[in-house]
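Novice: need the 3D shape of this:
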Amino acid sequence: PFCGVGTTNLVAQTMGYSSIGFDVSPLAIQIAEAKTAFYSKSDLEAIHHHIDNFALKGEFDPPKSDLIERAFKKNDLNTLLQIKNSYEEIKNRKLRNFFKSAYLSVIEDCSNRIKDGNGLKIKRNKVDILDIENFYKSKVRLMLKDIKESNLESKAELVQGSFIGLGKKINSESVGLTITSPPYANCFD
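Specialist: Residues are numbered from 1 along each chain as shown. The predicted model follows:
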């Protein structure tokens, strides 16, 4: 229950255990799926091909939001939207989730905001990311390196939804241990 982005599931895999994770957040489950997926040789080749042939293209109108306009420089936001468009075109869900995870991991560094408790605040003494495209590609390559070092075949089943009710469908004889922490309340939820 409350598996979040799947770190506990990933650790279970590294120890050779199969795991089941539940979370109500579809985004958390997508990231958890990317972290715990087994990437075949053809998957890895497709990731390499996508990033080696990656090119920014198109101009995008940003969403109408005062916060977004204040948090990003116009050119930086357009670059981020181009990156987002590039992964949204990928048909393979596993690979799309992989690239989406890389994208999500660079957004905060590309803005002038930082998560702080229950909200966002302006970063003081922020160092600008001068080349967002290469920053993103570096993140993808780092994730590829992580995969090559720990591409695990132990199963992590991830379920988007509440453990209440869904948890009853698990054969209790097959569960050796349940790990949970209470969900924390915050104003984002």
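Novice: pass me the low-pLDDT residue ranges in the chain, would you?
Specialist: Residues of the chain that meet the criterion pLDDT under 70 lie in 166-169, 171-173, 181-189.
Novice: if we use 80, what do you get?
Specialist: 1, 116-119, 149-153, 162-189 (pLDDT under 80).
Novice: that one: strands as residue ranges?
Specialist: Counting by DSSP state E, one finds strands in the chain at the ranges 19-23, 113-116, 119-122, 156-160.
Novice: what ranges does this structure have for its helices?
Specialist: With DSSP state H as the criterion, the chain has helices at 7-14, 26-36, 41-52, 66-71, 74-88, 93-110, 132-150, 163-166.
Novice: what residues of the shortest one count as buried?
Specialist: What that stands for is helix 163-166. Buried positions in helix 163-166, judged by neighbour count with 16 or more other CB atoms under 10 Å: residue 163. All C-beta spots, glycine's among them, are computed from the backbone N, C-alpha and C.
Novice: just the fourth one next, same as before
Specialist: Within helix 66-71, the residues that qualify as buried are residue 71, counting by 16+ other CB under 10 Å.
Novice: use 22 as the first number from now on
Specialist: Yes, from this point I'll number from 22; that puts the last item at helix 87-92.
Novice: how far is it from where the chain is centred?
Specialist: Distance, stretch centre to chain centre, for helix 87-92: 22 Å (CA atoms, centre = their mean, to the nearest Å).
Novice: deepest of the strands of the chain, which one?
Specialist: Ranked by mean neighbour count, these are led by strand 40-44 with a mean of 22 (mean count of other CB atoms under 10 Å).
Novice: residue 132 - nearest residue in space that isn't next to it in sequence?
Specialist: residue 92 (4.4 Å; CB to CB, 6 or more residues apart in numbering).
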